[in-house]
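K.L.:
here is my input; please provide its structure:
(one chain, ligands or ions: 2)
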Amino acid sequence: MNYSLMKCLWKGWLFSLSLMVIGFSCTQEEAQKPEVQPARTVSVPSFNQDSAYAFVAAQVAFGPRVPNTAAHRQCRDWLAAKLESYGAQVVLQDFTATAYTGQQLQCTNIIGSFNPKATKRILLAAHWDTRFISDQEHDISKQKLPVLGADDGASGVAVLLEIARQLSLHPLDIGVDIIFFDAEDQGEDSGMSAETWCLGSQYWARNPHVAGYKPKYGILLDMVGAKGARFAKEAASMSFAPWLVNKVWKLAQQMGYGQFFVDAATSGVTDDHFFVATIARIPMIDIINKPADSPTGFGTHWHTQADNLDIISKRTLKAVGQVITAVTYRENNGTF
Ligand code: AHN
Ligand code: ZN
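P.N.:
Ligands and ions are numbered 1, 2, ... in the order given. Predicted coordinates:
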């Protein structure tokens, strides 16, 4: 046998060996084909500040959303219809709560679920009711008037409605639950009466819409629409989920929103996240406007007649909305 024939035979043998390897690896691949498709990567959509602002204006147009009023019922129906129109599965959780005044309040938590069957889920929440009195109003004659709640109520809901709209346009694999809690803001302002606040989240935490509901974490948005808002690391959030606070704030700063998401600590707030974390045992944080030098701890418009459309800033809505959109889409992509 000459040398070139040997080379030829050798090449032929190598060739059939490689075919075998390819064939083998194909059957291997076939056998190991995963049942579940890998999560698709979806880039982070642009949060539309004009749309979010319009959602604030639409809520304010109903008037104050105080339980037992027509405006409250009309806004409830509108919110449920909006979530449904964006493809969410909506649950209206009706309950009766007793206010600290003794009044019985007809209330509804509004829950919109995207991908209700997905096991990996996150919870995004805000309260949709507005306060029945303006007890921080400087003008005493106006203290009995209800709060319009452009910031305190409508802003967080508006940001989440815009995220719901983005979810309809750019669907995800993970589950996202948006909850609009009722009766957050009907509590007693003086004394140590934490449990007179957040009646909707307390009810939901004891009666979740799905038995054994366990999202990875929750994020609450409260008063996220005012001009010059300052979101500091709130103490209760830091005790429930410091890792989440630090991750959200770091991402916000990387995105260029460091003027809003400041690296400072601030005192704890009795808000919906407190009851979700302590009763339902879901790690949850609060993004809430807490100015550095404020006698009430909140904005000067807080629980006054000044909480109207004039104090709403599209820049603030955009900062919070774009950060929470990024958290949501990055969570889906495994890059958060
Ligand atoms: C208390 O004043 C006890 N909590 C503030 C929570 C709140 C009221 N958020 C909006 N309005
Ligand atoms: Zn309030």
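K.L.:
surely residue 204 meets residue 181?
P.N.:
Yes: Residue 204 is within contact range of residue 181, at 6.7 Å (criterion: C-beta atoms under 8 Å). Backbone N, C-alpha and C define where each C-beta goes, glycine included.
K.L.:
tell me the secondary structure for residue 219?
P.N.:
Secondary structure, DSSP: H, G, I helix; E, B strand; the rest coil: residue 219 is strand.
K.L.:
what about it, neighbour count?
P.N.:
24 (other C-beta atoms under 10 Å).
K.L.:
can you tell me how far it sits from ligand 2?
P.N.:
18 Å (C-beta to the ion, to the nearest Å).
K.L.:
again, but for residue 105
P.N.:
Using C-beta to the ion, residue 105 is found at 15 Å from ligand 2.
K.L.:
show me where the stretch 201-336 of the chain has its helices.
P.N.:
Residue ranges of the helices in the stretch 201-336 of the chain, as given by DSSP state H, counting those that start in this stretch, are 235-240, 242-254, 272-279, 314-333.
K.L.:
deepest of the ones you listed, which one?
P.N.:
helix 272-279 (a mean of 24; mean count of other C-beta atoms under 10 Å).
K.L.:
wait, what's in contact with residue 263?
P.N.:
Neighbouring residues of residue 263 by C-beta atoms under 8 Å, 6 or more residues apart in numbering: 233, 249, 253.
K.L.:
let's see 10 Å
P.N.:
When contacts are counted by C-beta atoms under 10 Å, 6 or more residues apart in numbering, residue 263 touches 232-233, 246, 249-250, 253.
K.L.:
and if you look at residue 127?
P.N.:
With C-beta under 10 Å, 6+ apart, residue 127 has these contacts: 65, 109, 149, 152-154, 156-157, 179-185, 197-198, 200-201, 220-223, 271-272.
K.L.:
kindly write the ChimeraX command that selects the buried subset of the residues you listed.
P.N.:
In ChimeraX, a selection of the buried entries from those looks like this (16 or more other C-beta atoms under 10 Å):
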select :65,109,149,152,153,154,156,157,179,180,181,182,183,184,185,197,198,200,201,220,221,222,223,271,272
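K.L.:
tell me which of the contacts of residue 127 fall in strands.
P.N.:
Applying DSSP state E to those, the entries found in strands are 109, 179-181, 220-222.
K.L.:
residue 84: how many residues sit nearby?
P.N.:
13.
K.L.:
helix, strand or coil for it?
P.N.:
Criterion first, three-state DSSP; result for residue 84: helix.
K.L.:
spatially nearest residue to it, not counting backbone neighbours?
P.N.:
residue 90 (5.1 Å; C-beta to C-beta, 6 or more residues apart in numbering).
K.L.:
what do you get for residue 239?
P.N.:
Excluding the flanking residues, the one nearest residue 239 by C-beta to C-beta, 6+ apart is residue 268, at 7.7 Å.
K.L.:
swap in residue 111?
P.N.:
Nearest non-adjacent residue to residue 111, counting by C-beta to C-beta, 6+ apart: residue 91, 4.3 Å away.
K.L.:
might one say that that neighbour is in contact with residue 207?
P.N.:
No: contact criterion C-beta atoms under 10 Å: residue 91 and residue 207 do not qualify, at 11.2 Å.
K.L.:
so these two - more neighbours on which side?
P.N.:
Using other C-beta under 10 Å, the more surrounded residue of residue 91 and residue 207 is residue 91, with 18 against 12.
K.L.:
helix, strand or coil for the residue of the stretch 1-150 of the chain at minimum distance from ligand 2?
P.N.:
In the stretch 1-150 of the chain, no residue comes nearer to ligand 2 than residue 131, which is 5.1 Å away by C-beta to the ion. Assigned state for residue 131: coil (three-state reduction, three-state DSSP).
K.L.:
contact partners for it?
P.N.:
Going by C-beta under 10 Å, 6+ apart, residue 131 touches 64-66, 145-149, 152-153, 184-187, 189, 302-304, 307.
K.L.:
ranges for the strands of this protein?
P.N.:
Taking DSSP E as the criterion, the chain carries its strands at 89-98, 104-114, 121-127, 175-181, 218-222, 231-234, 261-266, 284-288.
K.L.:
out of the ones you listed, which gets nearest to residue 313?
P.N.:
strand 231-234 (13.4 Å; C-beta to C-beta).
K.L.:
what's around the residue in the stretch 151-300 of the chain that ligand 1 sits nearest to, how many residues?
P.N.:
In the stretch 151-300 of the chain, the residue found nearest to ligand 1 is residue 270; the distance is 4.0 Å by C-beta to the nearest ligand atom. Neighbours of residue 270 under the rule other C-beta under 10 Å: 17.
K.L.:
contacts only, for it.
P.N.:
184, 187, 192-198, 236.
K.L.:
lowest-confidence one in the residues you listed?
P.N.:
Within those, residue 192 has the lowest pLDDT, namely 73.
K.L.:
for it, what are its contacts?
P.N.:
Applying C-beta under 10 Å, 6+ apart, the residues contacting residue 192 are residue 270.
K.L.:
how far away is it from residue 270?
P.N.:
The gap separating residue 192 from residue 270 is 10 Å, by C-beta to C-beta, to the nearest Å.
K.L.:
check residue 143 too.
P.N.:
Distance of residue 143 to residue 270, computed by C-beta to C-beta: 21 Å.
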